[in-house]
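# Okay, sequence plus prediction incoming.
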Amino acid sequence: LAKTTQPISMDSYEGQEVNITCSHNNIATNDYITWYQQFPSQGPRFIIQGYKTKVTNEVASLFIPADRKSSTLSLPRVSLSDTAVYYCLVGPDYNTDKLIFGTGTRLQVFP
Amino acid sequence: NAGVMQNPRHLVRRRGQEARLRCSPMKGHSHVYWYRQLPEEGLKFMVYLQKENIIDESGMPKERFSAEFPKEGPSILRIQQVVRGDSAAYFCASSPAPGQDEKLFFGSGTQLSVL
């Protein structure tokens, strides 16, 4: 099961671009990379998913290099409401399909 | 367009009582995950079920905890003889089917407090 490593926390200011990088050195060939956002007292919410290169939606962009051993979630022009915990997931597990969350990155956006 | 529904939102139990947490997946979803989260920590996988079948329960304590997802009705996470250490937020997520591009849809969670 591919393990992920993310920074524990990051600080930013409103209007800035935030990039959160996730390392997944033993990612498997069939694994997708998925990012979730979690606000306090709420369940996580799907943000973006990718397999390789770049994916962009209305919320974020996901950059995945050719070796796929890392990925970067990019949040353009963050606002106070982007303060949350961001989780990077790789998988699901090929044998059991379960999805394992890491410790996530706590993003704090300041005015 | 109902999402994943969990109830109750808050549950208070005294030590030794039973806690039953319910999760109704999104319409058309046949797979359910349960996660536990302690304050300031990440989500810890507990169990993965499809209707009438437990696929993976490797994250669930062997004693006092059980889960089911019957053919009809919600998925139930049951904790017998609760202890203070069971106090946590319990989140349920559903997905339409397993796959490498699987996306999870989460409920709002049940906050269990054991007195």
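Perfect, thanks for sending it.
# okay, CA-based contacts and neighbour counts for the rest of this
Noted.
# which residues does A:His84 bridge with?
Let me fix one detail, which is that residue A:84 is Ala and not His. With DSSP bridges as the criterion, A:Ala84 is bridged to A:Leu107.
# where in the chain is pLDDT low?
Let's take chain A. Within chain A, the stretches with pLDDT under 70 are A:1-2, A:92-97.
# try chain B instead
For chain B (pLDDT under 70), the answer is B:1, B:98-101.
# what's the helix or strand for residue 36?
Chain wasn't specified; assuming chain A. Using DSSP states H and E, A:Tyr36 maps to strand A:32-38.
# was after chain B, sorry
Using DSSP H and E, B:Arg36 falls in strand B:31-37.
# since we're on residue 29, how many residues are nearby?
Using chain A. 9 (other CA atoms under 10 Å in any protein chain shown).
# nope, chain B
17.
# Around chain B, pick out the residues from chain A.
Counting by CA under 8 Å from any CA of the partner chain, chain A comes close to chain B at A:30-32, A:34, A:41-46, A:49, A:91-92, A:94, A:96-104.
# Return the residues of chain B in contact with chain A.
Going by CA under 8 Å from any CA, the residues of chain B near chain A are B:41-45, B:48, B:55-56, B:91, B:98-109.
# Filter the residues you listed down to just the ones in helices.
The members of the residues of chain B next to chain A all map outside helices under DSSP state H.
# Are any of these buried, and if so which?
B:42-45, B:48, B:55-56, B:91, B:98-109 (16 or more other CA atoms under 10 Å in any protein chain shown).
# Which ones among those residues lie within strands?
B:43-45, B:48, B:55-56, B:91, B:105-106 (DSSP state E).
# Throw the residues you listed into TSV and include distance to A:Cys22, thanks.
Converted to TSV, those look like this (distance: CA to CA, whole Å):
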residue	distance to A:Cys22
B:Leu43	17
B:Lys44	18
B:Phe45	20
B:Tyr48	25
B:Ile55	28
B:Asp56	26
B:Phe91	23
B:Phe105	22
B:Phe106	22
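# Just name the closest of the residues you listed to B:His31, please.
B:Tyr48 (7.4 Å; CA to CA).
# Find the nearest non-adjacent residue to the closest one, please.
Closest residue to B:Tyr48 apart from its sequence neighbours, by CA to CA, 6 or more residues apart in numbering or on different chains: B:Tyr33 at 4.5 Å.
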